[in-house]
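A.B. asks: I would like to see how this sequence folds:
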Amino acid sequence: MRAVLVVLSVLLVAGCGSSEPAVSTNDLFQEYIDSTDVRNDRFPAVGSTDDRLSNIAAYYDVEQFQAVLLRAYQCDGSEELPMGEVPECDVDIDADGELYARSVVVRHADASLELVTLYVAHDSGRPRLFDRTGQRYDDLEDFRANNELFDSDDTILTLRDITSVPGEGEIVTVTGRTPQPTWQWWLLGGVTLAAALAGVLARRRATRRDDAGTE
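C.D. replies: Reported below is the predicted structural model:
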């Protein structure tokens with residue numbers, strides 16, 4: 001019985017997955033600014049890590065650079081971006097209002113880093129988040145629950161209020177996708193547990209009959 005329960009626990013844990021990010025907010029940001037190998041980096045490194053840090057320090061302190069990195073910028077080319085940044089707004093998104101681009105730092109399961117551009121459509125109504133495919137999301141949690149870009153082993157550094165323009169509020173690290181427990185795992189666990197209990201009860205009844213027959 002104990003062995004069956006252990007197996008059941010393992011199955012349920014596997015079905016639920018982990019919702020904890022692999023790295024903290026500060027550590028992931030530090031990994032990014034130290035790295036000279038970030039895919040699609042808006043602030044490409046030239047030379048060593050020390051060269052990269054010196055280049056950043058010539059323009060910003062740490063908090064300023066973090067704000068610039070994660071803020072949303074207009075896609076109409078009206079903003080002059082410092083440090084040779086390259087805006088990535090060449091997308092076909094069917095959205096009302098002004099379109100903004102926002103970078104998120106992604107740490108993949110293999111520990112590689114990437115800057116991924118998401119888009120915010122901002123008008124008089126509620127702002128919406130879009131990915132490069134044109135898929136629309138209400139907010140960060142909606143994005144994590146439904147995007148097909150990342151999985152739960154990826155970690156994202158971004159603003160909790162990911163649709164804010166140009167950007168405000170708490171900076172967070174979250175898993176790239178919310179683990180989704182499926183009904184199949186729960187059904188399998190329930191059937192396994194029911195079968196185990198039925199087996200235990202059957203053995204107990206058989207033992208009682210044997211004991212009664214020997215009296």
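A.B. asks: leaving out chain neighbours, which residue sits closest to the most centrally placed residue in the chain?
C.D. replies: The chain has residue 176 as the residue nearest its centroid, 1.7 Å off, counting by CA atoms, centre = their mean. Leaving out its chain neighbours, the residue that sits closest to residue 176 by CB to CB, 6 or more residues apart in numbering is residue 150, at 2.7 Å. C-beta: built from backbone N, CA, C; applies to glycine.
A.B. asks: quick one: residues contacting the one you found.
C.D. replies: 106, 156, 176-177 (CB atoms under 8 Å, 6 or more residues apart in numbering).
A.B. asks: swap the cut-off to 10 Å and go again
C.D. replies: Shown in contact with residue 150 (CB atoms under 10 Å, 6 or more residues apart in numbering): 104, 106, 108-109, 116, 131, 143-144, 156, 175-177.
A.B. asks: narrow those to those in helices?
C.D. replies: Counting by DSSP state H, the contacts of residue 150 place 143-144 in helices.
A.B. asks: which of the contacts of residue 150 are buried? Put it as a PyMOL command.
C.D. replies: Provided next is the PyMOL selection string for whichever of those are buried by 16 or more other CB atoms under 10 Å:
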select buried, resi 104+106+108+116+131+143+144+156+175+176+177
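A.B. asks: got the contacts of residue 150 as TSV, with distance to residue 30 and pLDDT columns?
C.D. replies: Compiled in TSV, the contacts of residue 150 are given as follows (distance: CB to CB, whole Å; pLDDT from 0 to 100):
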residue	distance to residue 30	pLDDT
104	16	97
106	15	98
108	17	97
109	19	94
116	19	95
131	26	94
143	24	97
144	23	97
156	16	97
175	19	96
176	19	96
177	24	94
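A.B. asks: quick one on the thing from earlier: and the residue nearest to residue 176, what helix or strand is that in?
C.D. replies: Assigned by DSSP states H and E, residue 150 falls within no helix or strand.
A.B. asks: helices along the protein, start to end?
C.D. replies: Secondary structure of the chain (DSSP H): helices located at 2-16, 25-34, 49-57, 62-70, 140-146, 183-213.
A.B. asks: coming back round to it: what is the nearest of the contacts of residue 150 to residue 94?
C.D. replies: residue 131 (13.2 Å; CB to CB).
A.B. asks: ok, the closest one to residue 70 distance?
C.D. replies: Plainly put, residue 131 is 17 Å away from residue 70 if you go by CB to CB, to the nearest Å.
A.B. asks: any idea how far residue 94 is from the residue lying closest to residue 105 once chain neighbours are set aside?
C.D. replies: Closest residue to residue 105 apart from its sequence neighbours, by CB to CB, 6+ apart: residue 157 at 3.9 Å. Going from residue 157 to residue 94 by CB to CB gives 28 Å.
A.B. asks: what about those two, which has more around it?
C.D. replies: The neighbour comparison of residue 157 against residue 94 (other CB atoms under 10 Å) goes to residue 157, with 28 against 8.
A.B. asks: mean pLDDT for the helices of the chain: which is lowest?
C.D. replies: Mean pLDDT is lowest for helix 2-16 out of the helices of the chain, coming in at a mean of 45.
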